[in-house]
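Novice: next input, structure requested:
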Amino acid sequence: MASCRVPGVLLMCVFVILLSTVFSISSASEEEKEYVLTLDHSNFSEIVSKHKFIVVEFYAPWCGHCKNLAPEYEKAASVLSGNEPAIVLAKVDANAEENKGLAEQFEIQGFPTIKILRNGGENVQEYKGPREADGIVTYLKKQTGPASKEIKTAEDADRLIDGKKIFIVGIFPKFSGEEFENFLIVAEKLRSDYDFGHTTNAELIHRGESSVSKATVRLLKPFDELFVDFKNFEVDALEKFIEEGSIPLVTLFDQNPDNQPFLNKYFGSPDEKAMLFLHFSHDQIDNFKSKYNEIAGLYKGKGLKFLLGDVLASESAFQFFGLTEDQAPVLVVQNNKGLKFINPNVEIDQIAPWLKSYVDGKLKPSIKSEAIPETNDEPVKVVVAKSLRDMVLDSKKNVLLEIYAPWCGHCKKLAPILDEVAVSFEKDADVVVAKLDGTKNDVPSDIIEVRGYPTLYFKSASGSKYVAYEGDRSKEDIIEFIQNNRDAATSESILKDEL
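Specialist: Predicted coordinates for the structure are as follows:
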């Protein structure tokens, strides 16, 4: 089911898609030629099955980001059509009713989503590259051919190894055997995230031992200790080593685009997150950085990842956490249940003891919430974080709750339908239709999993049912779902009806 993707803990607002106008003109006819294939439910499988490598954008016609991407995507398709072999770019209107099955099959939760399909669609990977034409072309060229490039000369090493990015190089006595094969398996699996190379000559790698006696994976990085060696070639262990080693001890959240890949890894990590936001022009910034790095080192490997953010680059973070600039320096911890712990105007010597109190379970979470409305007499009731427990979680009524975002196109389309549903239950004291602004109010993620907007959850009066609604978003289907899942009328409501 289509929905507007939730900003994945701060990342949504970091990406900027450049708008440009691109026309491919035929010299013979002066008519525009389209290089991006248009797919739908009727031809998708047939066309994808013919390609060893094809890129598919899932879009919605109303989506602003999709409109901005369209000319860049078309320009990239034009350039890549001349590649050897040609790289095919395609698109699917995932908002169209007839293509909903494709959207569900590929778990499309927001627009635009781009997928790389290999071997006739048997292998599906997320596209994680740039959103402008030149970047798309460069990224996709790297995604074709071997996942790991052989390094034979110093020139190869200089060309392949970018000192600003993670690079994984396998050093082998020979390019055969289980260790080498497992390295290639991991390289293929993670090629969308990292660049890989392999060599028999460790002297060509400018960091680390120049002589290696046994097969070694060397992870090169532009931070912390700059390189780490690993000799366990079991696939899962090697993948874990790369994923964990690619996150800095302290990730920087600033305006430097080179830090974006590390931010993606940080926010995608399953670990709990400590985030310190302050002005990088602060007169004590060096002392803050030094102390914070020292503390991060003490928690290394203990399930807590650290980030240092510049207030000037952190507007999206401040909106997400409900912070204001006058609270900086502010220390925030987010746990695996989505609960947030906030320490505003923190001093350098307060960081370590406050984090220890958090780890020891002595802190209470901070709940972001709008004020409870003074009047709440519309058919769809307004719920905020402060009233969520009374109106939904502990309510003795059957409640359909929508978690929405004001900017979400799907939410705007659903709003009048929910109004009609609510009106149809106005005389039924046991049913409540409600809504909560997910951008301004926290919800307990261990109970309500919000992957996109809108998210609909239903709780029965007894609390025996608490399920996500994933049916069609029509008035009739929603009403039928409520009727089929509700608990019987309570004695209190029966008494009111009798009176």
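Novice: mean confidence for stretch 262-277?
Specialist: Here stretch 262-277 scores 90 as its mean pLDDT.
Novice: quick one: end-to-end distance for that stretch.
Specialist: Chord length of stretch 262-277, first to last residue, is 17 Å (Cα to Cα, to the nearest Å).
Novice: what sits closest to Lys189 if chain neighbours are left out?
Specialist: The shortest distance from Lys189 to any non-neighbouring residue, by Cβ to Cβ, 6 or more residues apart in numbering, is to Glu239 (6.9 Å). C-beta coordinates here come from the backbone N, C-alpha and C atoms, glycine included.
Novice: so the one you found lies in a helix, does it not?
Specialist: Yes. Counting by DSSP: H, G, I helix; E, B strand; the rest coil, one finds Glu239 located in a helix.
Novice: double-check it against Glu188; I have them as touching.
Specialist: No. Assessed by Cβ atoms under 8 Å, Glu239 is found out of contact with Glu188, at 11.2 Å.
Novice: now the common contact residues for those two.
Specialist: The contact sets of Glu239 and Glu188 do not overlap (Cβ atoms under 8 Å, 6 or more residues apart in numbering).
Novice: report all helices and strands that the helix or strand hosting Asp236 contacts.
Specialist: When elements are assigned from DSSP states H and E, Asp236 belongs to helix 235-245. With contacts defined as 3 or more Cβ pairs under 8 Å, 6 or more residues apart in numbering; DSSP states H and E, the secondary structure elements packing on helix 235-245 are helix 178-190, strand 216-220, strand 227-230.
Novice: 6 Å - rerun?
Specialist: Counting contacts by 3 or more Cβ pairs under 6 Å, 6 or more residues apart in numbering; DSSP states H and E, helix 235-245 is packed against helix 178-190.
Novice: quick one: mean pLDDT over the helix it packs on.
Specialist: Rounded mean pLDDT across helix 178-190 is 95.
Novice: kindly indicate whether Tyr266 is helix, strand or coil.
Specialist: Once three-state DSSP is applied, Tyr266 turns out helix.
Novice: distance of the closest residue to it other than its chain neighbours relative to Gln284?
Specialist: Leaving aside its chain neighbours, Tyr266 sits nearest to Thr251 (4.3 Å; criterion: Cβ to Cβ, 6+ apart). In this view, Thr251 and Gln284 are 20 Å apart by Cβ to Cβ, to the nearest Å.
Novice: re the thing from before, mind listing what's buried in the helix holding Asp236?
Specialist: Applying a neighbour-count criterion of 16 or more other Cβ atoms under 10 Å, one finds 238, 241-242, 245 buried in helix 235-245.
Novice: can you redo those residues as a markdown table with pLDDT and distance to Ile447?
Specialist: Formatted as a markdown table, the buried residues of helix 235-245 follow (pLDDT from 0 to 100; distance: Cβ to Cβ, whole Å):
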| residue | pLDDT | distance to Ile447 |
| --- | --- | --- |
| Leu238 | 97 | 36 |
| Phe241 | 95 | 35 |
| Ile242 | 94 | 34 |
| Gly245 | 90 | 34 |
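Novice: got a list of what Phe233 touches?
Specialist: 179, 182 (Cβ atoms under 6 Å, 6 or more residues apart in numbering).
Novice: what's the residue nearest to Tyr266 sitting at in phi/psi?
Specialist: For Thr251, the backbone dihedrals (degrees, to the nearest 10) come out as phi -80, psi 140.
Novice: now Lys435
Specialist: Dihedral angles (degrees, to the nearest 10) for Lys435: phi -140, psi 150.
Novice: partner residues bridging it?
Specialist: Taking DSSP bridges as the rule, Lys435 bridges to Val382, Glu402.
Novice: isn't it right up against Val380?
Specialist: Yes. The pair Lys435 / Val380 is scored as a contact, 5.3 Å apart, by Cβ atoms under 6 Å.
Novice: look at these two and report which has more neighbours.
Specialist: Comparing Lys435 with Val380 by other Cβ atoms under 10 Å, the one with more neighbours is Lys435, at 22 against 19.
Novice: what pLDDT is listed against that one?
Specialist: pLDDT for Lys435: 97.
Novice: for it, give me its contacts.
Specialist: By Cβ under 6 Å, 6+ apart, the residues touching Lys435 are 380, 402, 404.
Novice: can you put those residues in a markdown table and add distance to Phe183?
Specialist: As requested, the contacts of Lys435 are exported to a markdown table (distance: Cβ to Cβ, whole Å):
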| residue | distance to Phe183 |
| --- | --- |
| Val380 | 56 |
| Glu402 | 48 |
| Tyr404 | 46 |
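Novice: what number of residues lie near Ser269?
Specialist: Residues within reach of Ser269, counting by other Cβ under 10 Å, total 16.
Novice: the bottom helix or strand of the chain by mean pLDDT?
Specialist: Every helix and strand of the chain was ranked by mean pLDDT, DSSP states H and E. The lowest is helix 491-498, at a mean of 42.
Novice: would you map the strands across the stretch 201-350 of the chain?
Specialist: Assigned strands in the stretch 201-350 of the chain, in chain order: 216-220, 227-230, 250-253, 272-278, 304-310, 330-334, 340-343 (criterion: DSSP state E, counting those that start in this stretch).
Novice: distance of the residue nearest to Tyr266 from Asn293?
Specialist: Distance, Thr251 to Asn293, by Cβ to Cβ: 11 Å.
Novice: which one's more surrounded, the two?
Specialist: Counted by other Cβ under 10 Å, Thr251 and Asn293 do not tie: Thr251 has more neighbours, with 23 against 15.
Novice: tell me the predicted confidence for that one.
Specialist: Looking at Thr251, the pLDDT reads 95.
Novice: ok, now Lys368?
Specialist: Listed pLDDT for Lys368 reads 86.
Novice: ok, it touching Asp442?
Specialist: Yes. At 4.7 Å, Lys368 and Asp442 qualify as touching, with contact defined as Cβ under 6 Å.
Novice: of those two, who's got more company?
Specialist: Neighbour tally, Lys368 and Asp442, criterion other Cβ under 10 Å: the higher count belongs to Asp442, 22 against 19.
Novice: over to that one: give its phi and psi.
Specialist: phi -80, psi 150.
Novice: now do it against Leu80, distance only.
Specialist: With distances taken as Cβ to Cβ, Asp442 is found 43 Å from Leu80.
Novice: and Trp407, by the same measure?
Specialist: 32 Å.
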